[in-house]
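Visitor: what would the 3D arrangement of this be:
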Amino acid sequence: MKKNHPFPKSPRFHSGNHDSSSGNPDSSTGNPDSSSGNHDSSSGNPDSSSGNPDSSSGNPDSSPGNPDSHSHPTDLFNSPPLFPILLLILQKHNMKKFLWFIVSLVTLLLILTIIANYQIYTTTTSYIKDNPQDLPSCKVGLLLGTSKFLRAGIPNEYFDNRIKAAVELYKSGKIKYILVSGDNGKKYYNEPLDMKKELLKSGIPDSAIYIDNAGFRTFDSIIRAKEVFGQTSYIVISQNFHNQRAVYIARRYNIEAYGYNAKDVSAYNGFRTKVREFFARSKVFIDIFIGKEPKYLGEKINIG
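Guide: This is a model prediction of the structure:
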């Protein structure tokens with residue numbers, strides 16, 4: 001009896017379709033690749049030619065379950081990528097949680113901001129006045145700086161009105177000195193110097209004006225007036241909304257502060273500033289809670 005060869009014969013010597021041998025698992029009648037009507041086994045298909053080495057049953061690349069099979073070269077590109085699908089599934093499951101987290105966070109911040117505004121307003125109203133005669137006499141008036149011109153190059157009404165208020169307060173006899181505190185962090189931007197020039201033009205003597213060049217924030221101006229210039233009691237000069245925040249900070253740091261209101265600007269021109277102020281008040285509580293300090297302190301400076 002002729003002994004069967006343990007390996008399939010080479011397709012060069014095998015007559016007929018090499019995928020139809022009984023020993024090949026791909027030759028079952030239920031396998032679409034082994035049926036007589038399969039387009040891959042037709043004599044006209046170059047992939048089924050007996051001379052094609054990639055069509056041998058012994059070639060692992062020709063198995064139908066192998067993604068590297070040459071019988072369908074576009075399968076790898078047509079199949080959907082796994083990573084993006086998994087990412088989409090995760091996104092669908094987590095999207096609601098993420099949106100809920102964002103909405104909750106925004107709501108919480110808004111509530112805290114409303115509480116901060118209410119707290120600052122109710123605790124400072126009695127210390128802030130529109131008339132100099134309603135204020136106690138103090139040695140120093142703290143004039144909070146702002147830019148002389150807006151970005152468009154037009155005069156800043158906040159600047160002009162604060163200068164007028166400082167002059168009024170000084171001439172009323174309620175203060176003896178004016179401490180101008182503002183930002184001088186850039187070479188060609190000097191809030192305190194611009195304000196000093198305008199005060200001098202308005203008749204305030206140079207000897208009555210002191211400058212704080214490191215008042216980068218309202219918080220810095222308030223604390224430096226005490227720690228650097230030695231003032232534990234003074235009158236803040238700015239618009240009402242600004243005075244409220246400034247006086248609140250001062251009194252939280254044991255400074256006997258009052259506020260004199262400069263004339264405000266129109267609702268239209270001051271809309272963006274009011275919105276910014278609304279949210280800035282929540283920052284006050286954060287600064288106090290974490291024990292924030294001014295950017296610079298430096299040596300002591302005596303006034304008068």
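Visitor: residue ranges with poor pLDDT in this protein?
Guide: Along the chain, the model assigns pLDDT under 70 to residues 1-93.
Visitor: show me the biggest helix of it in terms of residues.
Guide: Counting residues, the longest helix found in the chain (DSSP state H) is helix 82-124.
Visitor: which strands and helices sit next to that one?
Guide: helix 240-252, helix 271-290 (3 or more Cβ pairs under 8 Å, 6 or more residues apart in numbering; DSSP states H and E). Placement of C-beta: from N, CA and C, glycine included.
Visitor: then the first one to PDB, C-alphas only?
Guide: Presented in PDB, the C-alpha positions along helix 240-252 are these (Å, rounded to 0.1, in the frame of the first residue of the first chain):
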ATOM      1  CA  ASN A 240     -17.900 103.100  44.500                       C
ATOM      2  CA  PHE A 241     -17.700  99.500  43.200                       C
ATOM      3  CA  HIS A 242     -13.900  99.600  43.500                       C
ATOM      4  CA  ASN A 243     -14.000 101.200  46.900                       C
ATOM      5  CA  GLN A 244     -16.200  98.400  48.300                       C
ATOM      6  CA  ARG A 245     -13.700  95.700  47.400                       C
ATOM      7  CA  ALA A 246     -10.700  97.800  48.600                       C
ATOM      8  CA  VAL A 247     -12.300  98.700  51.900                       C
ATOM      9  CA  TYR A 248     -13.300  95.100  52.500                       C
ATOM     10  CA  ILE A 249      -9.700  93.900  52.000                       C
ATOM     11  CA  ALA A 250      -8.400  96.600  54.200                       C
ATOM     12  CA  ARG A 251     -10.700  95.900  57.100                       C
ATOM     13  CA  ARG A 252     -10.000  92.200  56.900                       C
END
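Visitor: can you list the buried residues in that helix?
Guide: For helix 240-252, the neighbour count (16 or more other Cβ atoms under 10 Å) marks N240, F241, H242, N243, Q244, R245, A246, V247, Y248, I249, A250, R251 as buried.
Visitor: cool, stretch 261-277 as well?
Guide: For stretch 261-277, by 16+ other Cβ under 10 Å, it's N261, A262, D264, V265, G270, T273, E277.
Visitor: let's have the residues you listed in a markdown table, adding distance to P294.
Guide: Shown next, in a markdown table, are these (distance: Cβ to Cβ, whole Å):
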| residue | distance to P294 |
| --- | --- |
| N261 | 25 |
| A262 | 24 |
| D264 | 27 |
| V265 | 28 |
| G270 | 27 |
| T273 | 23 |
| E277 | 20 |
